[in-house]
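>>> Have a look at this prediction, sequence included:
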Amino acid sequence: MNKTGFERGTRRQLRIHVLPTKRFKTFAISLYVGTPLREETVTRVGLVPFVLRRGTESYPQTTQFREQLEQLYGAGFGFDVYKRGDYQIVQFRMDTINDSFVNSPDSLLDRSFAFLGEVLTKPALENGAFQTGYVQQERENVRKKLESIVNDKIRYAGERCMEEMCKDEPYRLHPLGQRSDLDSIDAQSLYQAYGEWLNHASMDLYVVGDTTLEEVEKFVDRYFQLNRSAEAGYVPEQPKSVEREVQTVVERLDVNQGKLNMGLRTPITYGDDRYASALMYNGILGGYPHSKLFVNVREKESLAYYASSRYDGHKGIGTIQSGIEIPNYEKAVTIIRKQLEDTQNGAITELEMTQTQAMIRNLLKEMQDSAFEMIAYDFNRQLSGKERTVDELLSQVEAVKVQDVQDAARTFRLDTIYFLRDQKGE
């Protein structure tokens with residue numbers, strides 16, 4: 001039984017999810033294209049959407065491509081490349097105004113699908129491959145993005161902590177790939193990789209707006225020239241159990257402020273019945289301004305410029321990130337570990353419980369005001385195989401008790417301590 005409101009179908013081995021509603025003045029369209037994170041393919045897949053957004057068969061010049069969006073009354077078009085668990089996801093988005101709000105002779109939704117279908121399946125080519133100039137330019141664009149990570153030390157420390165923690169797992173890979181692979185990619189090899197990606201990737205098309213599943217299915221049949229051999233799906237993550245002593249990694253760069261990051265593993269993932277308890281645990285530990293890390297590490301002890309935690313429910317990993325004065329390393333590690341121990345021992349106040357429940361409640365309710373947030377939430381279902389409506393998750397969060405949070409906390413095992421510090425001193 002479908003409880004989410006999305007109507008679902010399949011065309012051309014592409015899963016379709018449509019939420020018919022008159023709540024929004026625009027159509028929100030998201031296409032998720034997912035493949036397993038692999039060292040041999042990650043860089044090519046990461047580069048593909050950068051080249052696709054440069055031009056299509058009908059609009060081979062980038063200026064023509066952009067002008068076509070203006071012809072669609074300024075429709076928004078963009079993409080992201082990220083990872084969810086051990087999958088590399090390319091997400092294309094379009095935001096198109098509803099026809100009833102403009103004086104257009106043609107259906108803007110129809111024209112938007114024509115545009116998106118061409119972006120995906122009819123790129124601008126030369127000599128049977130991608131245009132060499134576009135590949136070279138976007139290759140350098142991706143290189144600069146990867147090189148720029150080291151300039152953002154907070155982000156760099158987070159990436160490096162995961163690289164060290166997951167050194168034997170695909171999750172260590174950056175979703176845009178590896179700089180060392182870029183030079184070997186040319187127009188022909190990238191076009192070949194694009195063809196394999198198009199044929200074998202998992203594809204989910206979402207539409208929220210004043211339309212129907214039947215209408216969207218017709219658009220897909222008309223504009224998405226896909227000849228896929230089989231429908232690909234996602235295999236829910238099985239959390240990796242690593243029995244080892246906590247590893248400590250110290251890296252030295254030219255920095256003034258230390259970056260202390262920690263990685264934890266848990267068997268609780270999005271599909272687990274304990275997911276709401278894990279969400280509460282993360283919120284109490286470091287997800288919000290009232291959390292233990294913020295109050296005790298940053299406010300009371302003045303040890304950190306920032307201190308927070310995150311939880312990746314698709315991978316079964318928790319992370320702690322903080323910025324500290326370099327001499328305070330030992331003291332900061334000690335007090336952060338105390339926050340972990342306190343939650344495991346059930347030292348959780350009713351105020352922490354009610355404040356965290358209120359924060360999660362507000363986030364879930366705000367999500368209902370954004371079509372793209374509703375889409376992103378439902379896509380969790382595809383990745384995890386678990387159907388859980390927003391209302392169901394909200395009810396589960398409201399029902400979590402201190403003992404449930406304590407039980408969840410005991411599943412989070414500290415795995416890696418990563419410290420980015422200066423090049424001076426011991």
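Yes, it's here.

>>> List the backbone torsions phi and psi for residue 175.
With angles defined as degrees, to the nearest 10, residue 175 sits at phi -60, psi -20.

>>> List the contacts of it.
Each residue near residue 175 by Cβ atoms under 8 Å, 6 or more residues apart in numbering is listed here: 37, 42, 46, 81-83, 88-89. In this view, the C-beta of every residue, glycine as well, is placed from N, C-alpha and C.

>>> ok, and for the helix or strand bottoming out on mean pLDDT in the chain, which residues are buried?
Ranked by mean pLDDT, DSSP states H and E, the weakest helix or strand in the chain is helix 62-71, scoring a mean of 89. For helix 62-71, the neighbour count (16 or more other Cβ atoms under 10 Å) marks 65, 68-69 as buried.

>>> rewinding a little: and the contacts of residue 175, which is closest to residue 360?
Minimum distance to residue 360 across the contacts of residue 175 is 22.2 Å, recorded for residue 82 (Cβ to Cβ).

>>> how far away is that closest one from residue 33?
Plainly put, residue 82 is 12 Å away from residue 33 if you go by Cβ to Cβ, to the nearest Å.

>>> The residue nearest to residue 420 when sequence neighbours are not counted: neighbouring residues, count only.
Excluding the flanking residues, the one nearest residue 420 by Cβ to Cβ, 6 or more residues apart in numbering is residue 259, at 4.0 Å. By the criterion of other Cβ atoms under 10 Å, residue 259 has 26 neighbours.

>>> wait, what's in contact with residue 259?
Neighbouring residues of residue 259 by Cβ under 8 Å, 6+ apart: 153-154, 156-157, 321-324, 419-420.

>>> If you rank the residues you listed by neighbours, which is first?
Most surrounded of these: other Cβ under 10 Å gives residue 322, at 27 neighbours.

>>> next structured bit after the helix or strand hosting that residue?
Residue 322 is part of strand 317-324 when elements are defined by DSSP states H and E. Counting by DSSP H and E, the element after strand 317-324 in chain order, helix or strand, is helix 329-344.

>>> Surely residue 224 and residue 13 touch.
No. Under the criterion of Cβ atoms under 8 Å, residue 224 makes no contact with residue 13, lying 10.2 Å away.

>>> the more surrounded of the two?
Taking other Cβ under 10 Å, residue 224 and residue 13 do not tie; residue 224 has more neighbours (21 against 17).

>>> and the residue nearest to residue 321 when sequence neighbours are not counted, what does it touch?
Excluding the flanking residues, the one nearest residue 321 by Cβ to Cβ, 6+ apart is residue 261, at 5.1 Å. Contact partners of residue 261, counting by Cβ under 8 Å, 6+ apart, are 157-158, 160-161, 319-322, 417-420.

>>> count of neighbours near residue 225?
When neighbours are counted by other Cβ under 10 Å, residue 225 comes out with 12.

>>> so residue 27 is in which element?
For residue 27, the host element (DSSP H and E) is strand 26-36.

>>> elements contacting the helix or strand that that strand is followed by?
Going down the chain from strand 26-36, the next helix or strand is helix 42-52, by DSSP H and E. Applying 3 or more Cβ pairs under 8 Å, 6 or more residues apart in numbering; DSSP states H and E, we find helix 42-52 packed against strand 76-84, strand 87-97, helix 132-148, helix 179-182, helix 187-200.

>>> switch the cut-off to 6 Å
Applying 3 or more Cβ pairs under 6 Å, 6 or more residues apart in numbering; DSSP states H and E, one finds that helix 42-52 contacts strand 87-97, helix 132-148, helix 187-200.
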